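> Pasted the sequence and its predicted model underneath.
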Amino acid sequence: MWQPSVIDGLQFARGAETLAGSLDLLHLHRLAEMQCAAEGLSYELRGKTDAEGRSWLDISVSGTLTLTCQRCLGPLVFPLALRSELLLATSEREIEAADDDVDRVLAGKAMDVCELVEDELILALPLVPRHEQCSETQEGAGDRPAVAKLKRIQ
């Protein structure tokens, strides 16, 4: 049974808590709007603190997304095995003032785990998904036949 999870980010990190589960597109609305299909997406969220007392969230996601190839418009299988570390910031000002390459997220008392995972998934997607080389079958599934018909009509 699906139970949406909301965490208190700082408490979760300081308590070194762990949360794991699986997701489907019912819970990943933005990916669904992007016309992605998902299979077997599992995640793990771990809280931790470092030697400096800073709070972190580690997000791991594995599974498979099916995207649309922008060359042939056929399905493109995109395997996932991502891991992200997010430093929890206590204010927007802290995020804006940062001058390093550390990924930060605003800590909150009600952080939606699905949104956190979905954010990382979206960031992991290629800007222009496409096959290394589209096969003739895949090319035939796209808009090329329509273009050929238009050329014949003219």
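That came in fine, so what should we check first?
> need the strands for this protein, in chain order.
Under the criterion DSSP state E, the chain contains strands at 6-7, 18-23, 37-49, 55-68, 75-89, 104-106, 111-112.
> Alpha carbons of the third one, as CSV, please.
Listed next in CSV are the C-alpha coordinates belonging to strand 37-49 (Å, rounded to 0.1, in the frame of the first residue of the first chain):
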residue,chain,number,x,y,z
ALA,A,37,7.3,5.6,-18.5
ALA,A,38,8.9,4.1,-15.4
GLU,A,39,9.6,0.5,-14.4
GLY,A,40,10.9,-0.7,-11.1
LEU,A,41,12.0,2.6,-9.7
SER,A,42,13.3,2.1,-6.2
TYR,A,43,14.9,4.7,-4.0
GLU,A,44,16.7,5.0,-0.7
LEU,A,45,17.0,8.2,1.3
ARG,A,46,19.6,8.4,4.0
GLY,A,47,20.3,11.2,6.4
LYS,A,48,23.7,12.0,7.8
THR,A,49,25.8,14.7,9.4
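> looking only at pLDDT, what's the mean for stretch 36-54?
If you average the pLDDT over stretch 36-54, you get 92.
> Can you point out the buried residues in that stretch?
Across stretch 36-54, burial judged by 16 or more other CB atoms under 10 Å covers 36-38, 41, 43, 45-48. (C-beta placed from N, C-alpha, C; glycine too.)
> Stretch 8-15 now?
8-10, 12-13.
> For the buried residues of stretch 36-54, give me CSV that also has distance to residue 125.
As requested, those are exported to CSV (distance: CB to CB, whole Å):
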residue, distance to residue 125
36, 8
37, 13
38, 12
41, 13
43, 16
45, 20
46, 23
47, 26
48, 26
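> Report the contact partners of the residue positioned nearest the centre of the chain.
Within the chain, one residue has its C-alpha closest to the average C-alpha position: by CA atoms, centre = their mean, that is residue 121, at 0.7 Å. Going by CB atoms under 8 Å, 6 or more residues apart in numbering, residue 121 touches 28, 31, 41, 61, 65, 80, 82.
> if we can go back for a sec, what is the most widely separated pair among the buried residues of stretch 36-54?
Within these, 37 and 48 form the most distant pair, 32.6 Å apart (CB to CB).
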